[in-house]
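>>> Provide a 3D model corresponding to the input given below.
(one chain, ligands or ions: 1)
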Amino acid sequence: MMDGKFDNDIQAVVDADRAHVWHHLSQHKPYETTDPRIIVEGKGMRVWDQKGKEHLDAVSGGVWTVNVGYGRERIANAVRDQLIKLNYFAGSAGSIPGAMFSERLIEKMPGMSRVYYCNSGSEANEKAFKMIRQIAHKRYGGKKHKILYRDRDYHGTTIGCLSAGGQDERNAQYGPFAPGFVRVPHCLEYRAADQGAPVENYGEWAANQIEAVILAEGPETVGGICLEPVTAGGGVITPPEGYWQRVQEICRKYDVLLHIDEVVCGVGRTGTWFGYQQYGVQPDMVTMAKGVASGYAAIACLVTTEAVFDMFKDDATDPLNYFRDISTFGGCTAGPAAALENMAIIEEEGLLENTTKMGHYMLDRLAELKDKHAVIGDVRGKGLFLGAELVADRSTREPMAEKRVQMVTADCMAQGIIIGATNRSLPGLNNTLCFSPALIATKDDIDQIIEGVDGALTRVFG
Ligand SMILES: Cc1ncc(COP(=O)(O)O)c(C=O)c1O
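A predicted model of the protein is given here:
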């Protein structure tokens, strides 16, 4: 199959793509002279492009999605069987896979209770924002409507989600944004000095900045806070010691709903089912998307506690007292059918355990690279979700220029290893290499990734 040659029609595919497809996050001028990349096939940890070139995928489909790896026939078969039986009915009715997956999911999320289906991470986050707004109207005369979000976090691509977007370069030129979203400081310990933070108890200090914002805004105006458990595209920011415990306390103290965005961390990425479970917090709302069905079907979920759910049915005589929201494609049955198989694979193959084990191994190997290459200022991560921050000067932590960081990812790509990097998101701080191999990664896969990065760093920085 993978002999470096696909059939002759592949040039027609490339031509059609160049002529008509508008690629995500891409400047298209270069495609006037070079071919766009077409990914044709995938198996396990590897994909093949239109030239038949093999790539080891260290970012699970580019954007940390294909958690169980490529080519899973049992997911395809389950989806096929379900589509033939019933492909779709609007979410005002139930479906067999929808009901079954909700039960399996809630088993993994003690304290949570209700699953609302939709089809992208952005959409799930929008729905959480709408719930917080509706609760504010129902209970607090509209006053407790503000939603806090954190510097460097990303929650999606819509105008609503960008309004809660902590990445100024990502947001640039798309304003004006929706009112009522308020930023809190990031919690990246490596850059604590830039925030004027004390050296001791950084986690508590960073969480206390959230309290300061709540007090400045007025607690009676703040309804919710949306946070990534580990910030993804903002630089793989693992939370500092003590951070989440304090965040939970603050949310309870001021009656602020805690909405955790698990779009990246959800379903195994960090070695537990959900990222928040690493830190012992109890959210009110959880959103998830990418890894829920590993990209075999589009599915996203907003999961809430029964207490949140109850607020939408406590007065059945009020015609407005329910969540008046719909997602057409939230009724597609392929999503939960794929998600059920995806979850079964993670359990049967022990992929949470593998993620924890391989995550430690990869973090150690990145630390070795840090010892060897002065350009690496910091390595961090949880499970198979890791980052290496590149700096021009270790003592000042001056960020490496984005162009040179991109030279590292390009060198790896030329070697047939796909890694990621923060890009065009954080002004002056797009300097973190990102790794999120599938949860099936072996030591050999990780060694190959590390050797590729080692070579690239040597070639780019000497
Ligand atoms: C943390 C986080 N939340 C939300 C989203 C948006 O998800 P989607 O692209 O499915 O709308 C992303 C996408 O990268 C993400 O990283």
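
>>> Residue numbers of the stretch 101-250 of the chain in contact with the ligand?
Residues of the stretch 101-250 of the chain found near the ligand (C-beta under 6 Å from any ligand atom) are Ser120, Gly121, Ser122, Asn125, Tyr154, His155, Gly156, Thr157, Glu228, Ala232, Gly233. Backbone N, C-alpha and C define where each C-beta goes, glycine included.

>>> is it fair to say the last one lies in a helix?
No. Secondary structure of Gly233, determined by DSSP: H, G, I helix; E, B strand; the rest coil: coil, with no helix assignment.

>>> And Gly235, its phi and psi?
phi 120, psi 20 (degrees, to the nearest 10).

>>> ok, it - contacts?
Gly235 makes contact with Arg152, Leu188, Gly387, Glu389, Thr422, Leu426, Leu429, Thr432, according to C-beta atoms under 8 Å, 6 or more residues apart in numbering.

>>> What is the least confident helix or strand in this protein?
In the chain, the helix or strand scored least confidently by mean pLDDT, DSSP states H and E is helix 10-20, which has a mean of 94.

>>> Run through who's touching that one.
For helix 10-20, the surrounding residues in contact (C-beta under 8 Å, 6+ apart) are Tyr31, Asp35, Pro36, Ile38, Val40, Gln50.

>>> Take the contacts of Gly235 and write them to a markdown table, including pLDDT.
Listed next are the contacts of Gly235 as a markdown table, based on pLDDT from 0 to 100:
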| residue | pLDDT |
| --- | --- |
| Arg152 | 98 |
| Leu188 | 98 |
| Gly387 | 98 |
| Glu389 | 98 |
| Thr422 | 97 |
| Leu426 | 96 |
| Leu429 | 97 |
| Thr432 | 98 |
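
>>> okay, the residues you listed in CSV with neighbour count, distance to Ser26 and secondary structure next?
Converted to CSV, the contacts of Gly235 look like this (neighbours: other C-beta atoms under 10 Å; distance: C-beta to C-beta, whole Å; DSSP: H, G, I helix; E, B strand; the rest coil):
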residue, neighbour count, distance to Ser26, secondary structure
Arg152, 26, 23, coil
Leu188, 26, 28, coil
Gly387, 25, 23, strand
Glu389, 26, 24, strand
Thr422, 25, 16, coil
Leu426, 24, 19, coil
Leu429, 22, 21, coil
Thr432, 30, 20, strand
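
>>> Go through these and name the one nearest Thr272.
Gly387 (18.6 Å; C-beta to C-beta).

>>> Report the buried members of the contacts of helix 10-20.
With neighbours counted by 16 or more other C-beta atoms under 10 Å, the contacts of helix 10-20 contain buried members at Tyr31, Ile38, Val40, Gln50.

>>> Which part of the stretch 101-250 of the chain gets nearest to the ligand, residue-wise?
Gly121 (2.4 Å; C-beta to the nearest ligand atom).
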